[in-house]
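Peer 1: Give me a model of this one.
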Amino acid sequence: MTTLTRTALVVVVVLLLLLGLLWVFQRRLIYLPDRGPVPPAAEVIPGARDVSFTTRDGLRLAAWHVPGDRDVTVLVTGGNAGNRLHRAPLARALAAYGLPVLLMDYRGYGGNPGSPTEEGLFLDALAARDLVRTSRVIYFGESLGAAVATRLALERPPDGLVLRSPFTDLAAAGQANYPFLPVRALLRDHFPVARDIGRVRAPVVVVYGTRDTIVPPSLSRAVAEAADATTTVEVAGAGHNDLVMLDGPGLVNAVTDLAERVR
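Peer 2: Residues are numbered from 1 along each chain as shown. You can find the predicted model right below:
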């Protein structure tokens, strides 16, 4: 065996090993929960309360409910990182308009038991939906949570759907961030937003930042184009994790304007 052949063999073995590790541990790269406990809801948002719900597969998960005097609840399905504490500014901003808000946390997030998967997150959102008591509900999905909210909208249709920084599917977002990897071939979880959004029979609002490097704006625009009835809100100069994409006026107005339309 020549030196060149041995070198090539070593390179192939190393690459196969790396791909194997990525296959096994990929969910640790996709889901980045803050697993620590969160403070009582009322300590963070005046008037909020701690609530819980039980999923079909038997997990009891914690959430926060923020009351309001309007008959349109906003159910928030968060992105892949953090926990409900990090979405408190959004809930406060919406509650200031009188909108009740349910800030759910997925399995494995915010002190909740379990480990996140695509199917698991859907079961979590489905169970959280049963906590909503108002006659109307808007789903607000953030990034990866936009995929969760879209699937939930097919199972339990809302009165409106807001997708913040949605991707067409997880592979497309992953390929944008890891262009040197065969992301689509490796992924176990898929989150096909663009495939499903056209079957949602509710007003859809897509909000995205023009300088988002995590979910490129082109992916969010593609989701908007695939939806049946869409309003697009473009936040100029905003990146994926900028504060303006959490509780900025463009984002908050997109939700409150939709709430007015579905009343």
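Peer 1: where does the residue most central in space within the chain land in three-state SS?
Peer 2: Centroid-nearest residue in the chain, with C-alpha atoms, centre = their mean: G145, separated by 1.3 Å. Recorded secondary structure, G145: helix (DSSP: H, G, I helix; E, B strand; the rest coil).
Peer 1: Which elements pack onto the helix or strand hosting V74?
Peer 2: With elements taken from DSSP states H and E, the one containing V74 is strand 72-77. For strand 72-77, the packing partners by 3 or more C-beta pairs under 8 Å, 6 or more residues apart in numbering; DSSP states H and E come out as helix 88-95, strand 101-104, helix 118-129, strand 136-142, helix 144-155, helix 249-262. Every residue, glycine included, has its C-beta placed from N, CA and C.
Peer 1: so which of the ones you listed is the most packed in?
Peer 2: strand 101-104 (a mean of 28; mean count of other C-beta atoms under 10 Å).
Peer 1: any residues touching that one, and which ones?
Peer 2: The contact list for strand 101-104 (C-beta atoms under 8 Å, 6 or more residues apart in numbering) reads 51, 53, 61, 63-66, 68, 73-78, 84, 87-88, 90-91, 94-95, 124-125, 128, 131-132.
Peer 1: Endpoint to endpoint, stretch 162-173 covers what distance?
Peer 2: Using C-alpha to C-alpha, to the nearest Å, the end-to-end distance of stretch 162-173 comes to 19 Å.
Peer 1: starting at the chain centroid, how far to it?
Peer 2: 9 Å (C-alpha atoms, centre = their mean, to the nearest Å).
Peer 1: cool, and stretch 218-226?
Peer 2: Stretch 218-226 sits 16 Å away from the centroid of its parent chain (C-alpha atoms, centre = their mean).
Peer 1: Pull out the buried residues from it.
Peer 2: Of the residues in stretch 218-226, L219, S220, R221, A222, V223, A224, A226 count as buried by neighbour count, 16 or more other C-beta atoms under 10 Å.
Peer 1: Give me the pLDDT for the second one.
Peer 2: It stands for S220. At S220, the predicted lDDT confidence score is 98.
Peer 1: To G209, which of the helices and strands packed on strand 72-77 lies closest?
Peer 2: Of all the helices and strands packed on strand 72-77, helix 249-262 sits nearest to G209, with 9.3 Å by C-beta to C-beta.
Peer 1: got any ranges where the stretch 151-263 of the chain has weak pLDDT?
Peer 2: Along the stretch 151-263 of the chain, no part satisfies pLDDT under 70.
Peer 1: hey, where'd the helices end up in it?
Peer 2: 170-177, 183-186, 193-197, 217-226, 244-247, 249-262 (DSSP state H, counting those that start in this stretch).
Peer 1: Indicate which one of those helices is closest to G160.
Peer 2: Going by C-beta to C-beta, the one of these nearest G160 is helix 249-262, 4.5 Å.
Peer 1: quick one: contacts of that closest one?
Peer 2: With contacts defined as C-beta under 8 Å, 6+ apart, helix 249-262 is touched by 70, 72, 74, 90, 93-94, 97, 99, 136, 138, 140, 159-160, 162, 164, 203, 205, 207, 231, 233, 235, 244-245.
Peer 1: Could the C-alpha coordinates of it be exported in PDB?
Peer 2: Extracted in PDB, the C-alpha atoms of helix 249-262 (Å, rounded to 0.1, in the frame of the first residue of the first chain):
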ATOM      1  CA  PRO A 249     -42.700  47.400  17.100                       C
ATOM      2  CA  GLY A 250     -42.800  45.700  13.700                       C
ATOM      3  CA  LEU A 251     -43.100  42.300  15.200                       C
ATOM      4  CA  VAL A 252     -45.600  43.300  17.900                       C
ATOM      5  CA  ASN A 253     -47.700  45.200  15.500                       C
ATOM      6  CA  ALA A 254     -47.800  42.200  13.100                       C
ATOM      7  CA  VAL A 255     -49.400  40.200  15.900                       C
ATOM      8  CA  THR A 256     -51.800  42.900  17.200                       C
ATOM      9  CA  ASP A 257     -52.900  43.800  13.700                       C
ATOM     10  CA  LEU A 258     -53.700  40.100  13.000                       C
ATOM     11  CA  ALA A 259     -55.600  40.000  16.300                       C
ATOM     12  CA  GLU A 260     -57.800  42.900  15.100                       C
ATOM     13  CA  ARG A 261     -58.500  41.100  11.900                       C
ATOM     14  CA  VAL A 262     -59.600  37.800  13.500                       C
END
